[in-house]
Structure formats: structure tokens, C-alpha cells
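K.L.:
model this:
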Amino acid sequence: MKRYEHTLTSILFLKQIFLFKNAQKIAEVARLGGNVFEELMETVKVASLGQITDALFNVGGQYRRNM
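P.N.:
Just a heads-up that it's a prediction; the model follows:
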């Protein structure tokens, strides 16, 4: 059982690193004015909407539509 728990913990840790790198990549593309849509299509394969939103929010702030 301990080995299974260790393996599961390792997998979850690697997934978090992978998600972090993808969030950083989409943020960098946005910061540089690149093609965010293209990077978004790759990022949605591994990250949640909330994770993507947080990464983009850190780059550009909150979007508000004029009323």
C-alpha cells in the first residue's frame, strides 16, 4: 500500500509541475502579444478553466465589458 501511495503522490506532483509550466507558457505568450488562442488549444488539454483564467488574470488583469 505504501508503494502505491508514493507512486500516486509522485504522479500528482508531476501533474502540478506540468500544469504550472503550461500556465506559465500561456501567460508568457499573452505577455509577449503572441497567438494566445493557439497556446490555449494546447493548455486546455491539461489545465482547468480556473487555472487558465488565473494565469491570464496575472498577466492582464480582470476583463470588464462596458455596460
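
K.L.:
which stretches of the protein form helices?
P.N.:
Assigned by DSSP state H, the helices in the chain fall at 2-31, 36-43, 49-60.

K.L.:
and the last one, how far out from the chain's middle?
P.N.:
Taking C-alpha atoms, centre = their mean, to the nearest Å, one finds the center of helix 49-60 at 8 Å from the center of the full chain.

K.L.:
Check the longest one too.
P.N.:
From the chain centre to the centre of helix 2-31 is a distance of 9 Å (C-alpha atoms, centre = their mean).

K.L.:
With stretch 21-32 instead?
P.N.:
With C-alpha atoms, centre = their mean, you get 8 Å for stretch 21-32.

K.L.:
Keeping just the C-alphas, turn it into PDB.
P.N.:
Coordinates of each C-alpha in stretch 21-32 appear next as PDB, following Å, rounded to 0.1, in the frame of the first residue of the first chain:
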ATOM      1  CA  LYS A  21       4.600  25.100 -16.800                       C
ATOM      2  CA  ASN A  22       1.600  25.300 -19.100                       C
ATOM      3  CA  ALA A  23       0.100  28.200 -17.200                       C
ATOM      4  CA  GLN A  24       3.400  30.000 -17.300                       C
ATOM      5  CA  LYS A  25       3.600  29.400 -21.100                       C
ATOM      6  CA  ILE A  26       0.200  30.800 -21.900                       C
ATOM      7  CA  ALA A  27       0.900  33.800 -19.600                       C
ATOM      8  CA  GLU A  28       4.200  34.400 -21.400                       C
ATOM      9  CA  VAL A  29       2.500  34.200 -24.800                       C
ATOM     10  CA  ALA A  30      -0.100  36.700 -23.700                       C
ATOM     11  CA  ARG A  31       2.600  39.000 -22.200                       C
ATOM     12  CA  LEU A  32       4.500  39.000 -25.500                       C
END
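
K.L.:
Now do the same contact list for the spatially most central residue of the chain.
P.N.:
Nearest to the mean C-alpha position of the chain, by C-alpha atoms, centre = their mean, lies Ala23 at 2.9 Å. Ala23 makes contacts with Thr43, Ala47, Gln51, Ile52, Asp54, Ala55, as judged by C-beta atoms under 8 Å, 6 or more residues apart in numbering. From N, CA and C alone the C-beta is placed, and that goes for glycine too.
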